[in-house]
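Peer 1: here is a sequence with its predicted model. Questions after.
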Amino acid sequence: MEWHGYVLGVDLEEAVKGHKRVLVQAPDGLKGFALKVAEELGGMGVDAFVSGSHAWGGCDVAFGEAERVGATLILHIGHHGPVRFKMPDTPTVVFAPAYLNRSPAEALRSAARLASERGYRRVVLGMTVQHVRYLHHAVAVLEEEGLEAAHFPGPLGIEGLVIGCDYSSLRGGFDAAIIVAAGRFHPLGAALWTGKPAIAADPYAGSAWEVDAKPYISRHLYSLSKAVDAESFLVVVSTKPGQENLRGAEKAAAMLREAGKKVEIAVFDEVSREALVNLGGFDAYINSACPRLVVDDPHLFPGPAVNVGETRFLTSGNVEEWRPRDLFRLYP
């Protein structure tokens, strides 16, 4: 099944076999694909509902919506699989990647030329799930351009895969990472995770550029330094299945209270500035939800915000040992 150049990564009839009521979930850019899938399911005699909520990743599965409409299956389009949560017995969840049916060769050649200009010879290759079918083709393109290209298993063991909070596929000795993805989100995460240069190869634009992580690091270090002096904290906990980190949140709260700080814990399904402002004023915020919020959306927080894994720097008052990788730590 295809939609606007994307191919559904599962056989639809096989995926919903035995289910009469299905919730179709997709991220914002693929909502149209979800509608087409729902229409197709309707023609198969299946009662299909489309989730109108955001779907930020494999961490964000609409179990509550499925329960409310009585769906026995969630067809989650666009992501590779569950992130940091155990799949339940019911409802059934089928992850259906949406593969872009377009070679990233043009963008990769641009990335390879840029890497050569910068003096990078050994690169590690990472891709979002939309492009992983082209992994070996991508390696061949980079090698044709004179680079040494490596790739390794990532989340769920998928070769070369990167996601917003997990870049474990980027390892080994390399000069730079080349990330095949749209926009700056995933390349920026790669630069923060590895501490090395990251080059974005955007197959939609057919272009490449090197990500500059310095402004994000500087901005975050300013927040971290302000949070060190804070006396009152709100710890943010998410109810999304793969973002819920109550253990880390409670440990952070205990550490701060032991240090004499005032701490409250609040629970959110969707973290928003309005919801945080409604809870009143706090000197700083500890985020135990998606770690990318404090990097990409710091404006959501009414004050300086750090991630739960950075709490130890607040209680010690020493940020000299901080590294960007600390943004991804799940526990203090």
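Peer 2: Good, I have the coordinates.

Peer 1: quickly note the distance from Asp28 to Pro197.
Peer 2: Distance of Asp28 to Pro197, given as CB to CB, to the nearest Å: 30 Å. To be clear about C-beta, it is placed using only N, CA and C from the backbone, and glycine gets the same treatment.

Peer 1: please disregard the earlier target; I meant Glu210.
Peer 2: Relative to Pro197, Glu210 is positioned 6 Å away (CB to CB).

Peer 1: swap in Glu274?
Peer 2: To Pro197, Glu274 is 37 Å away according to CB to CB.

Peer 1: neighbour count: those two, which is higher?
Peer 2: Neighbour count, other CB atoms under 10 Å: between Glu274 and Pro197, Pro197 has more, with 23 against 8.

Peer 1: how many residues are close by Met1?
Peer 2: With other CB under 10 Å as criterion, Met1 counts 16.

Peer 1: let me fix that: Lys251
Peer 2: Neighbours around Lys251, by other CB under 10 Å: 17.

Peer 1: all the strands of the stretch 51-200 of the chain, residue numbers only.
Peer 2: For the stretch 51-200 of the chain, applying DSSP state E, counting those that start in this stretch gives strands covering 73-77, 92-96, 98-100, 122-127, 148-150, 176-180, 198-202.

Peer 1: how about a markdown table for those, with mean neighbour count, mean pLDDT and distance to Val306 added?
Peer 2: Formatted as a markdown table, the strands of the stretch 51-200 of the chain follow (neighbours: other CB atoms under 10 Å; pLDDT from 0 to 100; distance: least, CB to CB, whole Å):
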| stretch | mean neighbour count | mean pLDDT | distance to Val306 |
| --- | --- | --- | --- |
| strand 73-77 | 25 | 98 | 30 |
| strand 92-96 | 20 | 98 | 31 |
| strand 98-100 | 22 | 98 | 34 |
| strand 122-127 | 25 | 98 | 26 |
| strand 148-150 | 18 | 98 | 33 |
| strand 176-180 | 28 | 98 | 25 |
| strand 198-202 | 27 | 98 | 22 |
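
Peer 1: now distance to Ser218 too, for those strands, in JSON lines please.
Peer 2: Formatted as JSON lines, the strands of the stretch 51-200 of the chain follow (distance: least, CB to CB, whole Å):
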{"stretch": "strand 73-77", "distance to Ser218": "36"}
{"stretch": "strand 92-96", "distance to Ser218": "37"}
{"stretch": "strand 98-100", "distance to Ser218": "34"}
{"stretch": "strand 122-127", "distance to Ser218": "24"}
{"stretch": "strand 148-150", "distance to Ser218": "30"}
{"stretch": "strand 176-180", "distance to Ser218": "21"}
{"stretch": "strand 198-202", "distance to Ser218": "17"}
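
Peer 1: which residue ranges of this protein form helices?
Peer 2: 12-15, 31-43, 63-69, 105-118, 135-144, 185-194, 214-228, 246-258, 273-277, 293-296, 311-316 (DSSP state H).

Peer 1: domains in this structure, by residue range?
Peer 2: 2-98, 105-210, 217-328 (automatic domain parsing).

Peer 1: end-to-end on the second one?
Peer 2: Same thing as domain 105-210. Counting by CA to CA, to the nearest Å, you get 17 Å between the two ends of domain 105-210.

Peer 1: same check, this time on the first one
Peer 2: End-to-end distance of domain 2-98 (CA to CA): 9 Å.

Peer 1: what is the distance between it and the centre of its chain?
Peer 2: 18 Å (CA atoms, centre = their mean, to the nearest Å).

Peer 1: related to what we said a few turns ago, comparing the helices of the chain, which comes out most buried?
Peer 2: helix 185-194 (a mean of 24; mean count of other CB atoms under 10 Å).

Peer 1: that one versus strand 176-180: what angle between them?
Peer 2: Orientation note: helix 185-194 sits at an angle of 150 degrees relative to strand 176-180 (axes from the mean of the first three to the mean of the last three CA atoms, to 10 degrees).

Peer 1: helix 185-194 - contacts with which helices or strands?
Peer 2: With contacts taken as 3 or more CB pairs under 8 Å, 6 or more residues apart in numbering; DSSP states H and E, helix 185-194 sits against strand 176-180, strand 198-202, helix 214-228, helix 293-296.

Peer 1: out of the ones you listed, which comes closest to Glu67?
Peer 2: Distance to Glu67, taken as CB to CB, is lowest for helix 293-296 among the helices and strands packed on helix 185-194, at 26.1 Å.
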